[in-house]
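S.K.: Here's a sequence, model it:
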Amino acid sequence: MWCWHRIRESESGLCPACRTPYGDDPHEFSAVDVEEVLKANKEKAAAEKRERERLRQQSISGSGSDVGSDGEGAGGGLGRGQMDLPKDRTQLANMRVIRRNLVYAVGLPPPIASEETLRRPEYFGQYGKLSKIVLNRNNTTTGDPRRASASAYVTFVHKEDT
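M.R.: Modelled structure (predicted):
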């Protein structure tokens, strides 16, 4: 940071960056016109809208199908997050599907890692009616029972139950 006084008195009086001369008053104020700000904001919003439309048209023409052109479809469509539809299955690894009635529990001890146990009122049954439970048991290569754990996808009937 340069000292304005030093630049004016002992230096050349020019800005070190752009070499324009400094004025006598270092605190020059120029009022911003509200109408100019509103106009600039409208222009910016219109440019963003045109860009989104261009990208949407490009993704529709690039995929070769009309799936998702109405704003719905696989992966939630072009709704709230404005996500493009994947062109092949390799892109699905980077997508996250949010289901409001699904819970993923990790670190479950092996003694309770059964569907019957997890359905009980002491575990997930207390939160609502369950429609499906999918268990994943961790099979370690060392066979150490202390490191064994399980995970479960628990699907509820109603999304309000989660």
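S.K.: And the strands in this structure, which stretches?
M.R.: Using DSSP state E, the strands of the chain run over 102-108, 130-137, 150-156.
S.K.: where's Ser131 relative to Glu53, distance?
M.R.: For Ser131, the distance to Glu53 (CB to CB, to the nearest Å) stands at 40 Å. For glycine as for every other residue, the C-beta is placed from the backbone atoms N, C-alpha and C.
S.K.: now stretch 117-136: mean pLDDT?
M.R.: Averaged over stretch 117-136, pLDDT sits at 91.
S.K.: biggest helix in this protein by residues?
M.R.: Using DSSP state H, we find that the single longest helix of the chain is helix 34-63.
S.K.: what ranges of this protein fall below the confidence cut-off?
M.R.: 1-2, 4-5, 25-29, 62-89, 91-95, 97, 139-143, 161-162 (pLDDT under 70).
S.K.: picking that back up, looking at the strands of the chain, which one is packed in the most?
M.R.: strand 150-156 (a mean of 18; mean count of other CB atoms under 10 Å).
S.K.: Show me what it is in contact with.
M.R.: Here strand 150-156 makes contact (CB atoms under 8 Å, 6 or more residues apart in numbering) with 99, 101-110, 113, 118, 124, 127-138, 162.
S.K.: Tabulate the strands of the chain (TSV), appending distance to Asp144.
M.R.: As requested, those are arranged in TSV below (distance: least, CB to CB, whole Å):
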stretch	distance to Asp144
strand 102-108	15
strand 130-137	14
strand 150-156	15
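S.K.: Quick one: closest of the ones you listed to Cys3.
M.R.: Closest to Cys3 of those, according to CB to CB: strand 102-108, at 58.4 Å.
S.K.: angle of the closest one against strand 130-137?
M.R.: Relative orientation of strand 102-108 and strand 130-137, computed by axes from the mean of the first three to the mean of the last three CA atoms, to 10 degrees: 30 degrees.
S.K.: thinking again about what came up before, okay, buried residues for the longest helix of the chain please.
M.R.: When neighbours are counted by 16 or more other CB atoms under 10 Å, the buried residues of helix 34-63 are found to be 56, 60.
S.K.: Over to stretch 113-127?
M.R.: Applying a neighbour-count criterion of 16+ other CB under 10 Å, the buried positions in stretch 113-127 are 113, 118, 123-124.
S.K.: How about residues contacting stretch 120-131?
M.R.: Contacting residues not belonging to stretch 120-131 are listed as 101, 103, 105, 112, 117-119, 133, 154-158, 160-162 [CB under 8 Å, 6+ apart].
S.K.: between the residues you listed, which is nearest Ser61?
M.R.: Out of these, the one with the shortest distance to Ser61 is Asn101. That distance is 35.6 Å, counting by CB to CB.
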